[in-house]
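1. model this:
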Amino acid sequence: MKFNNILMIVIGMLFTHMVISQEGLPIYADYLTDNYYLIHPSMAGAANCAKVRLTARQQWFGQEDAPRLLTLSLNGRIGDSQSAIGGILYTDKNGYHSQSGAYVTYAHHLLFSRSELDLNMLSFGLSAGFIQYRLDETSFLFDGPDPIISGAVESEANFNVDFGFSYHYLDYYAHGTIKNVLKNSGINRDTNITSNLRRYLFSVGSVFNKYGSKWSYEPSLMFQYKDGTKESSIDVNAKAYMEMDFGKVWGGLSYRQSLDGAEFINGTRVSSQRLQQITPILGINYNEFMFAYTYTYQTNSVVFTNGGLHQFTLGYNFNCKRKRYVCNCPAVN
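-> Okay, the predicted model is just below:
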């Protein structure tokens, strides 16, 4: 591969990583590990148990300064009311860029069911939080004074809010969320890119099974659109659950496809490729505990590396109430 090709790929990777590392809490496949609250604030307290979820993600083992993410979330109902609260802490590091954030959430759930047998619930959620961005320039190489490179650790904090809704009807559900609703002053002087971090998320799905069977199946879709960069992608997901005496065992597959191509130089011509990722998921619920593992494989031809994107999730359910609804709705019952 010629030097100019390598240079273009490296520049593209650096630019992509810079944008991703500045857009708030990254969205991977972790929401599929019984963790919809991470991306939809309206899911706080939607379940019959309060939930704690800890996730750790590491990309490209063996590579120095590879991206890594750690999140801790907690959500549950306020007593026997229709209101719920939640909170998220996270830290995300990607090379010279890093960010830490904290969100608090209030959600309210409106029941339209004639009884607790039929699930018909509309939920609203609002999250507010601060994100601290950092860019470590201490190891940057430059000759003499440079107005762009300070040689120090640049940092900036922004306040923002997320708003969303969820609707559950029997075995079906839909979620919609606007993340980073407010515009800000921009980060690291990239005001054209980072002043607008607004992102729109839409999820739909259902869970079904054969009467009397221990197996149930959940197909779902998630669409996301980034307002500032006009990028969009779609997740196509499929999960299966098997009821056990101690809880349940489940697994699935997620496929993410970008709807926008990134151009790069391939020899003497300009080529384009779209992000394509396949993520298998395995999980187990053992009494009040939950463990899940995801592995993401990137299928593009021009990548830093295809695999090595590992994520683990540990969960604990507490303050559980009885299952109230006759439905295939693992996110609620």
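
2. going forward, measure contacts between C-alpha atoms and count neighbours the same way
-> OK.

3. in the stretch 51-200 of the chain, which spans are strands?
-> 68-77, 83-94, 97-111, 120-136, 153-169, 172-179, 199-206 (DSSP state E, counting those that start in this stretch).

4. And those: which comes nearest residue 315?
-> strand 68-77 (9.5 Å; CA to CA).

5. mind checking how far residue 48 is from residue 317?
-> 9 Å (CA to CA, to the nearest Å).

6. if we can go back for a sec, need the strands of the stretch 51-200 of the chain in JSON lines (columns: mean neighbour count).
-> JSON lines is the format used below for these (neighbours: other CA atoms under 10 Å):
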{"stretch": "strand 68-77", "mean neighbour count": "22"}
{"stretch": "strand 83-94", "mean neighbour count": "21"}
{"stretch": "strand 97-111", "mean neighbour count": "21"}
{"stretch": "strand 120-136", "mean neighbour count": "21"}
{"stretch": "strand 153-169", "mean neighbour count": "19"}
{"stretch": "strand 172-179", "mean neighbour count": "22"}
{"stretch": "strand 199-206", "mean neighbour count": "19"}
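
7. would you list these in JSON lines and tack on distance to residue 256 and mean pLDDT?
-> What follows is those, written out as JSON lines (distance: least, CA to CA, whole Å; pLDDT from 0 to 100):
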{"stretch": "strand 68-77", "distance to residue 256": "19", "mean pLDDT": "94"}
{"stretch": "strand 83-94", "distance to residue 256": "21", "mean pLDDT": "94"}
{"stretch": "strand 97-111", "distance to residue 256": "24", "mean pLDDT": "94"}
{"stretch": "strand 120-136", "distance to residue 256": "26", "mean pLDDT": "91"}
{"stretch": "strand 153-169", "distance to residue 256": "22", "mean pLDDT": "90"}
{"stretch": "strand 172-179", "distance to residue 256": "18", "mean pLDDT": "97"}
{"stretch": "strand 199-206", "distance to residue 256": "13", "mean pLDDT": "97"}
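
8. Mind checking those strands for the one nearest to residue 42?
-> Using CA to CA, the strands of the stretch 51-200 of the chain put strand 120-136 closest to residue 42, at 3.8 Å.

9. who does the closest one touch, helix- and strand-wise?
-> strand 97-111, strand 153-169 (3 or more CA pairs under 8 Å, 6 or more residues apart in numbering; DSSP states H and E).

10. 10 Å instead?
-> Packing contacts for strand 120-136, counted by 3 or more CA pairs under 10 Å, 6 or more residues apart in numbering; DSSP states H and E, involve strand 83-94, strand 97-111, strand 153-169, strand 172-179.

11. Dump the ones you listed into a markdown table; add distance to residue 118 as well.
-> Shown next, in a markdown table, are the helices and strands packed on strand 120-136 (distance: least, CA to CA, whole Å):
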| stretch | distance to residue 118 |
| --- | --- |
| strand 83-94 | 20 |
| strand 97-111 | 10 |
| strand 153-169 | 8 |
| strand 172-179 | 12 |
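
12. Excluding residues flanking it in the chain, which one is nearest residue 91?
-> residue 100 (4.3 Å; CA to CA, 6 or more residues apart in numbering).

13. Distance of the one you found relative to residue 129?
-> Distance from residue 100 to residue 129, by CA to CA: 11 Å.

14. Residue 243 and residue 209 touch, don't they?
-> No. The pair residue 243 / residue 209 is not scored as a contact, 11.5 Å apart, by CA atoms under 10 Å.
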